[in-house]
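Enquirer: The sequence isn't on hand, but the structure is:
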């Protein structure tokens, strides 16, 4: 229930495609048609479909219960079945011995063994109860953006397939370093309606889109220590950014990757800066961001711009009055978009520096900062 209460983990997506005419009617028909259907007594390994956000058993969506303001709010339910390999092996051995006894054969043909294996697998799946999982979705229709409460690639594949089949739209992972998404008016940034700035140039050969997120997070750490956390963000004003409790730094790829983890109530900054001096870049960091008397805390994953365990500002109590659940939900969504928008603005601030003629001077400043912090 991350959208309603508690901490929140999410990834973001852009929608590619054109919404049909009479979209509300189209959406209502398609979400009902592709609502979740149980597979408890079948041999299917997986079932996926849409359910209500608050009520996972709601697959009728009466009175357009998914509509809240300019958002469509619902959940993806995925039920999976699995058979323990050890149990399957035992059942196959038992079935093969029975087959040999019935036929008098000394050895089974390959086709017979394969048929037995498949029959046993289907039989066990038919007797197995599925394990359900629910993933919340917040679709901002005017902005063609979607917040999905999962970071799993496997679950995203389920989402992408069902979303395309249901609404004839393609989901594209949101990457603020993708040139087609580099805009000044970011969702939740509070800059909508202002004059758009000229688009940033394409990445030059020296910039790798696959590692630019790590460069950004490393730069942000150095920038946050210039003025004790205070950063003047173009388009947002004075804000505070603090790196707290946990840092993950990495260099290399695959089996040659080297990782350093700094964690604790006060992360060992000296150890982290020594890792930077050795050429590592920050891939994951726990951040605390404050802006306009509002504070967020979350783990930021640089490679994909993902947010994990986001702690939102506490909403004011109602002093005994009936809780306005819709109002609180919309306020939480606003705060989620605001935090993500702040990170987008910070990235744009970094990217403008990264592509400017002043980047060499910025690198020299960062090197001095790293050397001072690592004790050299």
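Expert: Noted; the coordinates are in hand. Owing to the predicted nature of the structure, the values given are computational and were not obtained by experimental measurement.
Enquirer: which regions of the stretch 201-350 of the chain sit below the pLDDT cut-off?
Expert: For the stretch 201-350 of the chain, the stretches with pLDDT under 70 are 201-206, 254, 265-269, 316-323.
Enquirer: for it, what spans make up the strands?
Expert: Secondary structure of the stretch 201-350 of the chain by DSSP state E, counting those that start in this stretch: the strands cover 230-233, 237-251, 258-263, 281-291, 294-301, 306-311.
Enquirer: ok, residue 286 - contacts?
Expert: The contact partners of residue 286, by C-beta atoms under 8 Å, 6 or more residues apart in numbering, come to 243-247, 267, 297-300. In short, each C-beta sits where N, CA and C put it, glycine included.
Enquirer: Next one: it from residue 11, what distance?
Expert: 18 Å (C-beta to C-beta, to the nearest Å).
Enquirer: How about residue 144?
Expert: In terms of C-beta to C-beta, residue 144 sits 16 Å off from residue 11.
Enquirer: These two: who's more crowded?
Expert: Set side by side, residue 144 and residue 11 show more neighbours around residue 11, with 23 against 17, by other C-beta atoms under 10 Å.
Enquirer: Dihedrals phi and psi, that one?
Expert: Main-chain torsions, residue 11, degrees, to the nearest 10: phi -120, psi 160.
Enquirer: Relative to residue 160, how far out is it?
Expert: From residue 11 to residue 160 the distance is 12 Å (C-beta to C-beta).
Enquirer: do the same with residue 130
Expert: In terms of C-beta to C-beta, residue 130 sits 21 Å off from residue 160.
Enquirer: Residue 235 against residue 345, yeah?
Expert: Yes: here residue 235 reaches residue 345: they are 5.3 Å apart, a contact under C-beta atoms under 8 Å.
Enquirer: if you count what's nearby, which of those two comes out ahead?
Expert: Under the neighbour definition other C-beta under 10 Å, residue 235 and residue 345 were set side by side, and residue 345 has more, 23 against 18.
Enquirer: Report whether the expected contact of the more buried one with residue 232 is present.
Expert: No: between residue 345 and residue 232 there is no contact under C-beta under 8 Å: 11.1 Å.
Enquirer: which element is residue 362 on?
Expert: helix 359-373 (DSSP states H and E).
Enquirer: List the buried residues of that helix.
Expert: Neighbour-count burial for helix 359-373 flags 362, 366, 369-370, 373 (criterion: 16 or more other C-beta atoms under 10 Å).
Enquirer: Any idea which residue is closest to the centre of the chain?
Expert: Closest to where the C-alpha atoms of the chain average out (C-alpha atoms, centre = their mean) is residue 11, at 2.2 Å.
Enquirer: contacting residues for that one?
Expert: Contacts of residue 11 (C-beta under 8 Å, 6+ apart): 147-148, 150-151, 156, 173-174, 304, 306-307.
Enquirer: Would you write a PyMOL line that selects the buried entries of the residues you listed?
Expert: Selecting only the buried entries of the contacts of residue 11 in PyMOL, with 16+ other C-beta under 10 Å as the criterion:
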select buried, resi 147+148+150+156+174+306+307
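Enquirer: Pick out whichever of the contacts of residue 11 sits closest to residue 216.
Expert: residue 304 (12.3 Å; C-beta to C-beta).
Enquirer: Contacts only, for the closest one.
Expert: 11, 151, 173, 175, 213 are the contacts of residue 304 under C-beta under 8 Å, 6+ apart.
Enquirer: So which of the residues you listed sits lowest on pLDDT?
Expert: Ranked by pLDDT, those bottom out at residue 175 (85).
Enquirer: Identify each buried residue in stretch 338-354, please.
Expert: 338-351, 354.
Enquirer: Touching, residue 83 and residue 121? I think so.
Expert: Yes: with contact defined as C-beta under 8 Å, residue 83 reaches residue 121; the gap is 6.4 Å.
Enquirer: Figure out how far the helix or strand harbouring residue 121 is from the centre of its chain.
Expert: For residue 121, the host element (DSSP H and E) is helix 110-127. Computed by C-alpha atoms, centre = their mean, to the nearest Å, the chain-centroid distance of helix 110-127 equals 37 Å.
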